[in-house]
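Visitor: just the structure for this:
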Amino acid sequence: MIQMRQIKHAGEWFNADSAPNSILVNAAEQLQIFTNGRCKSVRHRAVVNDKRERISIVVANGPAGDAVVGPAAALVRKDGRAIYLPMKYEEYVDARTLQRDEITSRRQIYLGTDDDR
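Guide: Below you'll find the predicted structure:
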């Protein structure tokens, strides 16, 4: 089997197996923020080679730019605090795409400690 997708965990890349002809949906950081860190976003990458064709379709979607995104209120009440800063979706996108330094960008969004993740 030729692995074509990997995820990063604890600083190492691992093959991510999936069923043949399956569709992978990556909810990414939006789900992590909404769940106040319960669902974790993972680093991932495509592995290309000269033995098998790979087709990837990226569809970026999200709420209206002026919609406020942040942890669900019920989860914040249960946890006692939000570990992500609520902000307009367009501000979130700007923080993730306009910042070259990923650490700086994450800190504009993330309020918790590394233990929270």
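
Visitor: alpha carbons only for contacts and neighbour counts from here, please
Guide: Fine.

Visitor: neighbours of Asp50, how many?
Guide: Neighbour count for Asp50, taken as other CA atoms under 10 Å: 6.

Visitor: one more: Met87?
Guide: Neighbours around Met87, by other CA under 10 Å: 14.

Visitor: in what helix or strand does the spatially most distant residue from the centre of the chain lie?
Guide: Farthest-out residue of the chain from its mean C-alpha position, per CA atoms, centre = their mean: Lys51, at 29.4 Å. Assigned by DSSP states H and E, Lys51 falls within no helix or strand.

Visitor: let me know the pLDDT of it.
Guide: Lys51 carries a pLDDT score of 76 in this model.

Visitor: if I look at it, how far off is Ala95?
Guide: From Lys51 across to Ala95, the span is 38 Å (CA to CA, to the nearest Å).

Visitor: what ranges do the strands span in the chain?
Guide: 5-9, 12-15, 43-46, 68-69, 87-88 (DSSP state E).
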